[in-house]
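>>> pasting the structure only:
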């Protein structure tokens, strides 16, 4: 089954404690992205990657890091989480054939930073 | 920067037709996509337009006018399960993607 898998689904942590949210896709997609979604707002792109070792900043990259060492994986790293990073996070992937026009999303990670 | 405007809320009755508009301002525009999101769930792809005109996918259709920087999503034969949030998103072929703030559709019996 084609899917994007994020882990963990829920996470409560404290300010300053480094964490990683993993994302993996099994569709051999070139494009991958991370988004955050806050109440009443749309998805805001944090980082995106067009292929292995190619990443770029989205609209809200501050406080986040990513890496793309393998095509299927695109982890999101919060080196020193702060309460304003409490949010719902989604990973997405898409094929280069469609550009970013058709994105497949993971189930989401609900993060609370205390 | 890139921005998309869509209405915050729309209400309609079962069996009706509803149109959700989206206007955008973007550089390097590549296409306009539409996604559905139920409460707390993952967004799911509905439709996209790379060229002007109407794309039909079952009960859902999407329209794009590049000259007007405008598109819409048309939902026909509304069902209760269509109650959800709907997002338009503009895309570039360089990987950048910007979403609107979403339209909450409430379908009433």
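Sure thing, it's come through. All figures in this text were calculated on a predicted structure; none of them were measured in a lab.

>>> for the residue lying closest to residue A:54 once chain neighbours are set aside, give me the pLDDT.
Counting by C-beta to C-beta, 6 or more residues apart in numbering or on different chains, residue A:54 lies nearest to residue A:68, which is 6.8 Å off, once chain neighbours are set aside. In short, each C-beta sits where N, CA and C put it, glycine included. Note for residue A:68: predicted pLDDT of 97.

>>> so what's residue A:68 up against?
A:32, A:49, A:51-55, A:74 (C-beta atoms under 8 Å, 6 or more residues apart in numbering or on different chains).

>>> how does it look with 6 Å?
When contacts are counted by C-beta atoms under 6 Å, 6 or more residues apart in numbering or on different chains, residue A:68 touches A:49, A:52, A:55, A:74.

>>> out of the residues you listed, which is most surrounded?
In terms of neighbours by other C-beta atoms under 10 Å in any protein chain shown, the contacts of residue A:68 top out with residue A:74 at 30 neighbours.

>>> that one contacts residue A:23, doesn't it?
Yes - between residue A:74 and residue A:23 there is a contact under C-beta atoms under 6 Å: 4.8 Å.

>>> on that earlier part again, so of the contacts of residue A:68, which ones are in helices?
Judged by DSSP state H, those include no members of helices.

>>> between these, which is nearest residue B:88?
Proximity of these to residue B:88 (C-beta to C-beta) peaks at residue A:49, which lies at 23.1 Å.

>>> just to check, the closest one is in contact with residue A:32?
Yes - with contact defined as C-beta under 6 Å, residue A:49 counts as touching residue A:32 (4.9 Å).

>>> what sits in contact with each of the two?
With C-beta under 6 Å, 6+ apart as the test, residue A:49 and residue A:32 both reach residue A:74.

>>> just the helices in chain A please.
Read by DSSP H, chain A holds no helices at all.

>>> so what sits opposite the residue sitting nearest the centre point of it in the bridge?
The residue lying closest to the centre of chain A (C-alpha atoms, centre = their mean) is residue A:34, at 2.8 Å. Applying DSSP bridges to residue A:34 gives these bridge partners: residue A:47, residue A:91.

>>> contacts for the strand or helix carrying residue B:11, please.
Using DSSP states H and E, residue B:11 sits in strand B:9-13. Here strand B:9-13 makes contact (C-beta under 6 Å, 6+ apart) with B:18, B:78, B:103-108.

>>> pLDDT and neighbour count for the residues you listed - can I get that in JSON lines?
Formatted as JSON lines, these follow (pLDDT from 0 to 100; neighbours: other C-beta atoms under 10 Å in any protein chain shown):
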{"residue": "B:18", "pLDDT": "98", "neighbour count": "19"}
{"residue": "B:78", "pLDDT": "98", "neighbour count": "19"}
{"residue": "B:103", "pLDDT": "97", "neighbour count": "20"}
{"residue": "B:104", "pLDDT": "96", "neighbour count": "16"}
{"residue": "B:105", "pLDDT": "98", "neighbour count": "21"}
{"residue": "B:106", "pLDDT": "97", "neighbour count": "13"}
{"residue": "B:107", "pLDDT": "97", "neighbour count": "20"}
{"residue": "B:108", "pLDDT": "97", "neighbour count": "11"}
